[in-house]
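**Student:** Pasted the sequence and its predicted model underneath.
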Amino acid sequence: MPNLRDYHILISHSWDYNQYYEKVNNWLNNTGYFRWTNYSVPITKPLTVSSKKELQEKIRTRIAACSCVIILSGMYVSYSEWIDYEIDTAVAYGKPIIGIKPLGQERIPTKVSNNADIMVWWNSDSLIRAIRAYAL
């Protein structure tokens, strides 16, 4: 059997809505014939930093190493300075952005829809297909 590609992925999310991050993380971990390295910053493993500038640099470094960035596009994105920063950084580095439409939500934040290479529905199959098609 050939070696599986290792996708380097950052899942951009709000800690206030951590359950959505956990769901996507579980999808990626439980998909057969799929290997990935998690570059996200989950609430359970915050980065140790002493300033906003240092946090920006650490996030920038993670995104620079990524194959793609996944954005959980709940309306809270419109009010998140950090998700906004992650989108801008992904765009600056030319990293593909995969937006996930939250379950049952009709509106998508403009920042996400204007910058995503693809928007997928809230299910593992559409997300995995998008990663395989768009990741660098």
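**Tutor:** Ah, there it is. Residues are numbered from 1 along each chain as shown.
**Student:** Off-centre distance for the longest strand along the chain?
**Tutor:** Ranked by number of residues, the top strand in the chain under DSSP state E is strand 6-12. Relative to its parent chain, strand 6-12 has a centroid offset of 7 Å by C-alpha atoms, centre = their mean, to the nearest Å.
**Student:** Ok, stretch 43-61 next?
**Tutor:** 16 Å.
**Student:** Determine how far the last residue of that stretch lies from the first.
**Tutor:** 19 Å (C-alpha to C-alpha, to the nearest Å).
**Student:** what mean pLDDT does that stretch have?
**Tutor:** The average pLDDT within stretch 43-61 is 96.
**Student:** Run through who's touching it.
**Tutor:** Under the contact criterion C-beta atoms under 8 Å, 6 or more residues apart in numbering, stretch 43-61 has outside partners 15, 18, 21, 41, 82, 85-86, 89. Every C-beta, even on glycine, is put in place using the N, C-alpha and C of the backbone.
**Student:** Let's see if you can find the most crowded of these.
**Tutor:** Using other C-beta atoms under 10 Å as the neighbour test, those are led by residue 86, with 27 neighbours.
**Student:** Mind telling me what element that one is part of?
**Tutor:** Using DSSP states H and E, residue 86 sits in helix 81-92.
**Student:** which residues in the protein form strands?
**Tutor:** 6-12, 35-38, 68-72, 97-100, 118-120.
**Student:** Would you mind pulling up the elements that the last one packs against?
**Tutor:** Counting contacts by 3 or more C-beta pairs under 8 Å, 6 or more residues apart in numbering; DSSP states H and E, strand 118-120 packs against strand 97-100, helix 124-134.
**Student:** export the longest one as PDB, just CAs?
**Tutor:** Spelled out, it's helix 124-134. Provided in PDB are the C-alpha atoms of helix 124-134 (Å, rounded to 0.1, in the frame of the first residue of the first chain):
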ATOM      1  CA  SER A 124     -17.100  14.900   7.000                       C
ATOM      2  CA  ASP A 125     -17.400  13.600   3.500                       C
ATOM      3  CA  SER A 126     -17.600  17.100   1.900                       C
ATOM      4  CA  LEU A 127     -14.800  18.400   4.100                       C
ATOM      5  CA  ILE A 128     -12.400  15.500   3.300                       C
ATOM      6  CA  ARG A 129     -13.100  15.800  -0.500                       C
ATOM      7  CA  ALA A 130     -12.300  19.600  -0.300                       C
ATOM      8  CA  ILE A 131      -9.100  18.900   1.600                       C
ATOM      9  CA  ARG A 132      -8.000  16.400  -0.900                       C
ATOM     10  CA  ALA A 133      -8.900  18.700  -3.800                       C
ATOM     11  CA  TYR A 134      -7.600  22.000  -2.500                       C
END
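**Student:** Thanks a lot, catch you later.
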